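# model this:
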Amino acid sequence: MLTTDKNVGGYLERAFAEGRVGHAYIVVGDKQYLAGLLTECAVVVMSPTHRAEENEITNRVASGQHQDVIVLPTDKSKNKVSVADINMLVEESYKRPVDDSSAGRVFLVDASNSISGIGAELWQNKLLKTLEEPTEGVHIFIGVTDPEGLLPTIRSRCQILRRTTATVAEVYNALRADGFDSRACEIAAALSGGSVPEGKLVLNNPAVFNACERAILFARDMTSTKNALMYVAPVVQNKDNIYDFLRFLQVIFRESAVSRISPSLCLLPSMKDEIRTVSDNYTIDACRAALELIDVAKKRLDDGANLQVTIDELASSVLEVKYRCRQ
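From the prediction side, this is the model:
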């Protein structure tokens, strides 16, 4: 069976079973999880049993190959919902399903970058009539990190599904209970964002662990601008996992700071030697500054900044605070 979040895909499964499924939902979660959450909603809707079971239809949905599951925005370079996107949604919502096995059509709208700024109100107002007078069999899922950013008129016409969260310790214990290695479970739990299913996905993705290893080397062994290139280059070459790298880099600097304040709050006890080396090189103030710099890098990448330039500047800035904040 495919994995679902109990408050998102799991909720939809129960709603279908009880005959109370809606036509429009706002799906709330951290940005890195939104695409997965939206996909699991489509999997449940399009499944013949309305459960996330492995079959030909759900596999096509999960792989992005189902013709009746339409993902917006269409311009992935800008990744912002436009009025043109909503015009297409409205037009397509009146059409019959392309696939004979489909009971309807599903629209997945990633609005995480589209609820503020120029055009934000325009596309939302354009969507209102479709939300008020939906075509039978049409289901619309709007993914956001903060539903309060949407217009009240949009929120009032949708049900809200919020991603389930658990403590890191709870995720770790659940993963260990399945027999996974302790160190791997620590890393997966730290990156899970409070989701056991997400933790399992991390455990089964070697590319994520490779990104984590690059983050460890970046924080532990990069000592100056003279040797920075050897730690920056592998990061840039593996651009598909850049956010995993940045997330785990933040975990490392957080661990370094916490280990000196309250060791009982550390998330990675099996990595105490690596963390100790980072702590020898970075003061607590330097770790705090590094955490802020990583947030800046994430935001720049979200806005379309060049990856090479962004990581180069991150390396230079981290090294700068390392020396500026020396005790």
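
# Show me what stretch 319-327 is in contact with.
For stretch 319-327, contacts defined as CB atoms under 8 Å, 6 or more residues apart in numbering pick out 222, 224-225, 228, 281-283, 285-286, 289-290, 293. Where you see a C-beta, it was placed from the backbone N, CA and C, and this is true even at glycine.

# is it fair to say Val106 lies in a helix?
No - secondary structure assignment (DSSP: H, G, I helix; E, B strand; the rest coil) places Val106 in strand, not in a helix.

# What about the contacts of stretch 319-327, which one has the most neighbours?
Ala290 (27 neighbours; other CB atoms under 10 Å).

# just checking, what packs against whichever strand or helix holds Met230?
Met230 is part of helix 229-237 when elements are defined by DSSP states H and E. Under the contact criterion of 3 or more CB pairs under 8 Å, 6 or more residues apart in numbering; DSSP states H and E, helix 229-237 touches helix 206-221, helix 307-324.

# Only the buried residues of it, if you could.
For helix 229-237, burial by neighbour count (16 or more other CB atoms under 10 Å) applies to 231-232, 235-236.

# excluding its backbone neighbours, what's nearest Leu127?
Ile86 (5.1 Å; CB to CB, 6 or more residues apart in numbering).

# got a pLDDT number for that neighbour?
Ile86 is assigned 96 on the pLDDT scale.

# Same question for Cys287.
94.

# cool, and the one 4 residues further on?
You'll see Leu291 listed with a pLDDT of 95.

# Kindly report the same for the one 10 residues further on.
You'll see Leu301 listed with a pLDDT of 89.

# Summarise which helices and strands the lowest-mean-pLDDT helix or strand in the chain is packed against.
Least confident helix or strand of the chain, by mean pLDDT, DSSP states H and E, is helix 196-203 with a mean of 86. Other elements packing on helix 196-203 under the criterion 3+ CB pairs under 8 Å, 6+ apart are helix 31-46, helix 168-177, helix 182-191.

# Now those in JSON lines, please, with extra columns for distance to Ile140, mean pLDDT and mean neighbour count.
What follows is the helices and strands packed on helix 196-203, written out as JSON lines (distance: least, CB to CB, whole Å; pLDDT from 0 to 100; neighbours: other CB atoms under 10 Å):
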{"stretch": "helix 31-46", "distance to Ile140": "10", "mean pLDDT": "92", "mean neighbour count": "23"}
{"stretch": "helix 168-177", "distance to Ile140": "31", "mean pLDDT": "91", "mean neighbour count": "18"}
{"stretch": "helix 182-191", "distance to Ile140": "30", "mean pLDDT": "93", "mean neighbour count": "22"}
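
# Minimum distance to Arg157: which of these has it?
helix 31-46 (16.8 Å; CB to CB).

# and the closest one, how far from the chain's centre?
Mean-position distance between helix 31-46 and its chain equals 11 Å (CA atoms, centre = their mean, to the nearest Å).

# Can you name every helix or strand that the next helix or strand after it contacts?
Following helix 31-46 in sequence order, the next helix or strand is helix 56-62 (DSSP H and E). When contacts are defined as 3+ CB pairs under 8 Å, 6+ apart, helix 56-62 sits against helix 31-46.

# The helix it packs on to helix 182-191, inter-axis angle?
For helix 31-46 against helix 182-191, the angle by axes from the mean of the first three to the mean of the last three CA atoms, to 10 degrees is 90 degrees.

# neighbours around the nearest residue to Lys6 once chain neighbours are set aside, how many?
In space, and not counting its chain neighbours, Lys6 is closest to Thr164: 5.2 Å by CB to CB, 6+ apart. When neighbours are defined as other CB under 10 Å, Thr164 has 18 of them.

# before we move on, back to that, could you give the angle of the helix holding Met230 to helix 307-324?
140 degrees.

# hmm, who's touching helix 229-237?
214, 217-218, 221-222, 242, 245, 307-308, 311-312, 315.

# Just the buried ones from those?
214, 218, 222, 242, 245, 311-312, 315.

# circling back to that earlier point, would TSV of the helices and strands packed on helix 196-203 with distance to Asn55 be doable?
As requested, the helices and strands packed on helix 196-203 are exported to TSV (distance: least, CB to CB, whole Å):
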stretch	distance to Asn55
helix 31-46	10
helix 168-177	26
helix 182-191	27
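
# for those helices, which one sits closest to Cys158?
helix 31-46 (12.3 Å).

# State the mean pLDDT of stretch 213-228.
Mean predicted lDDT for stretch 213-228 stands at 91.

# Using PDB, write out every CA atom in that stretch.
Only the C-alpha atoms of stretch 213-228 are listed here, as PDB (Å, rounded to 0.1, in the frame of the first residue of the first chain):
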ATOM      1  CA  GLU A 213      27.100  13.300   3.900                       C
ATOM      2  CA  ARG A 214      28.000  16.400   1.800                       C
ATOM      3  CA  ALA A 215      26.500  18.600   4.500                       C
ATOM      4  CA  ILE A 216      28.600  16.900   7.200                       C
ATOM      5  CA  LEU A 217      31.800  17.500   5.200                       C
ATOM      6  CA  PHE A 218      30.800  21.100   4.400                       C
ATOM      7  CA  ALA A 219      30.300  21.900   8.100                       C
ATOM      8  CA  ARG A 220      33.100  19.800   9.600                       C
ATOM      9  CA  ASP A 221      36.000  19.900   7.100                       C
ATOM     10  CA  MET A 222      35.700  23.200   5.100                       C
ATOM     11  CA  THR A 223      38.200  25.400   6.800                       C
ATOM     12  CA  SER A 224      38.900  28.300   4.400                       C
ATOM     13  CA  THR A 225      38.200  29.700   1.000                       C
ATOM     14  CA  LYS A 226      41.300  27.800  -0.200                       C
ATOM     15  CA  ASN A 227      39.600  24.400   0.200                       C
ATOM     16  CA  ALA A 228      36.000  25.500  -0.100                       C
END
